[in-house]
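Asker: dropping a prediction and its sequence here:
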Amino acid sequence: MHIDSRLLFGWSRDLALAYAGGLVLGAPLALAAVWITGAEVAATVALVLSMAGVFVALRRAAASAPVATDVRDAAVARTVQRRVA
């Protein structure tokens with residue numbers, strides 16, 4: 001089984017950013033959840049949900065970003081159109 005190194009790097013980077021970003025963004029939510037509910041498990045839920053939200057947002061951004069071959073094909077198409085015109 002062969003895994004593309006760019007794909008592996010992208011997922012690893014997104015997981016690391018989701019962990020760090022989830023802690024930063026989820027900390028205020030976790031504190032508020034514990035303050036409102038009084039249950040410490042609410043902090044864990046808030047942190048995990050914020051990490052998952054950041055990860056999903058990063059993966060959606062990566063999925064909608066143009067691939068290098070798409071950018072290159074578009075540049076070639078523009079060059080061909082200029083030469084034809």
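Answerer: Arrived safely.
Asker: against A65, how distant is the residue nearest to the spatial centre of the chain?
Answerer: By CA atoms, centre = their mean, the mean C-alpha position of the chain lies nearest to L58, the distance being 1.1 Å. Applying CB to CB, to the nearest Å, the value for L58 to A65 is 11 Å. In short, each C-beta sits where N, CA and C put it, glycine included.
Asker: again with V54
Answerer: Note on V54: its distance to A65, by CB to CB, is 17 Å.
Asker: ok so, going back, the helix or strand harbouring the residue nearest to the centre of the chain: which residues count as buried?
Answerer: Here L58 is covered by helix 41-64, with elements defined by DSSP states H and E. Neighbour-count burial for helix 41-64 flags 42-43, 46-47, 50-51, 54-55, 58 (criterion: 16 or more other CB atoms under 10 Å).
Asker: circling back: just give me the neighbour total for the residue nearest to the residue nearest to the centre of the chain when sequence neighbours are not counted.
Answerer: Nearest residue to L58, sequence neighbours excluded (CB to CB, 6 or more residues apart in numbering): D14, at 4.3 Å. By the measure other CB atoms under 10 Å, the count of residues near D14 is 19.
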